[in-house]
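*Asks:* Kindly generate the corresponding structure for this input.
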Amino acid sequence: MRDFLRIQDMKSIGIRGYFLVLILTGGIIFYLVHKNKTQLSNNIPSDTLAIEMVDTLKTTTPKLMYGINVDSLEVIENTIRPNQFLGEILSKHHVTDQEIHELSQKSKHVYDVRKLVSRRKYVILCAMDSLRKAQYLIYEPNKTEYVVYKLKDSIEVFKHQKQIDTLNSQVAGIIESSLWETMSDAGADPILIHTLSEVFAWQVDFYRIQKGDKFKVIYEELIVDNESVGIGKILGAYFNHFGEDYYGIYFDQGNGISYFDEKGESLQKQFLKAPLRFKRISSRYTRRRYHPVLRRYRSHLGTDYAAPTGTPIRSVGDGIVEEARYAKYNGRYVKIRHNSVYTTQYLHMSGFAKGIKRGAKVTQGQIIGYVGSTGLANGPHLCFRFWKNGQQVNALKIELPPSEPIKEEFKYEYELIKEEMIRKLNKIRYTDRQKETFATVKEY
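*Replies:* Numbers count the residues shown, from 1 in each chain. Model prediction:
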């Protein structure tokens, strides 16, 4: 019992000692702070000190616009009116005709002043004196760039890029009618729609999108001045098409932008699936088709894509132009040899793209010509033909090998990125209700 009481006494002494130390420490701190405050108030009046601190902040943090100190300049913001010229803008701010001419000459290799676009923003920075002459003109030709016309001292012209911030955004949807309509309703940029179709160009038949197909996309959104100005690359995507799941994961293993599936196989095949973007197939590969011009049944060993005259036609793969000429039935056409196995042909063109001639090298996606109705055709369309080992085959059904998979030295890194991206994609939700077939979220 005594031992127990002795222990309790020791504990109570320890606790009291602990609190005593705290009180002493607090007193010392209070004394030091109070002493410094007294010395400061005795030496410098508080109002004077506050004013000097504000003045110091002002002198060390000048107000900048487009990287220019505007503390001693008058700022005038406006937008270009229809048919308004540079001379009209500057002459109102005491810039001489000679100076305007010199400025336009120096601007030729930076930005053509004849191409001012109405409703685009411009800023005039004027001297704050009796003349108030313009010292700078800043014009924004688009949302990501600005041109500085320096009129102070000597005339100079510079083009600058605005700071572009990137945030990860995501969009998901259940298709009711079309991919375009669903993603547009979600507020997706049209470029994102095209980019998604390119990612899954070989896995998903975008001409056969059906109700109930699903998609999820995580992508980079570009932000300038707190406003969305476009998209960067797609970081990861998921598509459920005819009940099958497809994943596309972005990974750069030294060859630029590439997308891979869960096994590390490339989604990019040797050829694009179609030479046109989102155009209607008007006639498929068949051994028996009623020809609308000849009015009889005959083989049609190609795929017809109905599209307006002038629609760009892309080469579906790298290769060498074997033929680029006119024929009675084919009209203007281009034939491309891709390798020892595959050849493609593009018929009824209205014209060839610049540089397309026999022997020319072309790359995948390069524009080689434009849709027309030359030759034996009753309307504007492209007849696309595909050869494998010298035999014409159905381009929509041929199985093609993938491009280079993930290299051995990048497999571990890719696995980490893939697992994290698939986890994020799986967390994105969408609803089956028709009016809410999408969801857009921004992750800052």
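
*Asks:* can you give me the mean pLDDT across stretch 429-439?
*Replies:* Average pLDDT, stretch 429-439: 48.

*Asks:* Over to stretch 252-272?
*Replies:* Mean predicted lDDT for stretch 252-272 stands at 87.

*Asks:* Which strands or helices does the longest strand along the chain pack on?
*Replies:* When the chain is parsed with DSSP state E, its longest strand is strand 227-241. Judged by 3 or more Cβ pairs under 8 Å, 6 or more residues apart in numbering; DSSP states H and E, strand 227-241 is in contact with helix 190-199, strand 214-224, strand 244-250, helix 411-427. In this view, the C-beta of every residue, glycine as well, is placed from N, C-alpha and C.

*Asks:* For that strand, give me every contacting residue.
*Replies:* Defining contact as Cβ atoms under 8 Å, 6 or more residues apart in numbering, one finds that strand 227-241 is touched by 143-144, 164, 166, 168, 189, 191-192, 195-196, 199-200, 203-205, 209, 213-223, 245-250, 257, 259, 421-422, 424-425.

*Asks:* Show me which residues of that strand are buried.
*Replies:* Residues of strand 227-241 classed as buried: V229, I231, I234, L235, G236, A237, Y238, F239, N240, H241 (neighbour count, 16 or more other Cβ atoms under 10 Å).

*Asks:* And the first one, how far from H194?
*Replies:* Right, the one you point to is V229. In this view, V229 and H194 are 17 Å apart by Cβ to Cβ, to the nearest Å.

*Asks:* Would you mind measuring from Y329 to T374?
*Replies:* For Y329, the distance to T374 (Cβ to Cβ) stands at 10 Å.

*Asks:* looking at the sheet around Y250, what are its partners?
*Replies:* For Y250, the residues forming beta bridges with it (DSSP bridges) are Y259.

*Asks:* Okay, helices next: where are they in this structure?
*Replies:* 2-43, 46-60, 86-91, 97-107, 179-185, 190-199, 411-427 (DSSP state H).

*Asks:* Looking at the longest one now, give me its mean pLDDT.
*Replies:* It refers to helix 2-43. Mean pLDDT, helix 2-43: 49.

*Asks:* related to what we said a few turns ago, neighbour count: Y329 and T374, which is higher?
*Replies:* Counted by other Cβ atoms under 10 Å, Y329 and T374 do not tie: T374 has more neighbours, with 19 against 13.

*Asks:* before we move on, the earlier item: can I get the helices and strands packed on strand 227-241 in a markdown table including mean neighbour count and distance to K63?
*Replies:* Formatted as a markdown table, those follow (neighbours: other Cβ atoms under 10 Å; distance: least, Cβ to Cβ, whole Å):
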| stretch | mean neighbour count | distance to K63 |
| --- | --- | --- |
| helix 190-199 | 18 | 35 |
| strand 214-224 | 20 | 20 |
| strand 244-250 | 19 | 40 |
| helix 411-427 | 14 | 41 |
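
*Asks:* Kindly state which of the ones you listed is positioned closest to L125.
*Replies:* strand 214-224 (20.7 Å; Cβ to Cβ).
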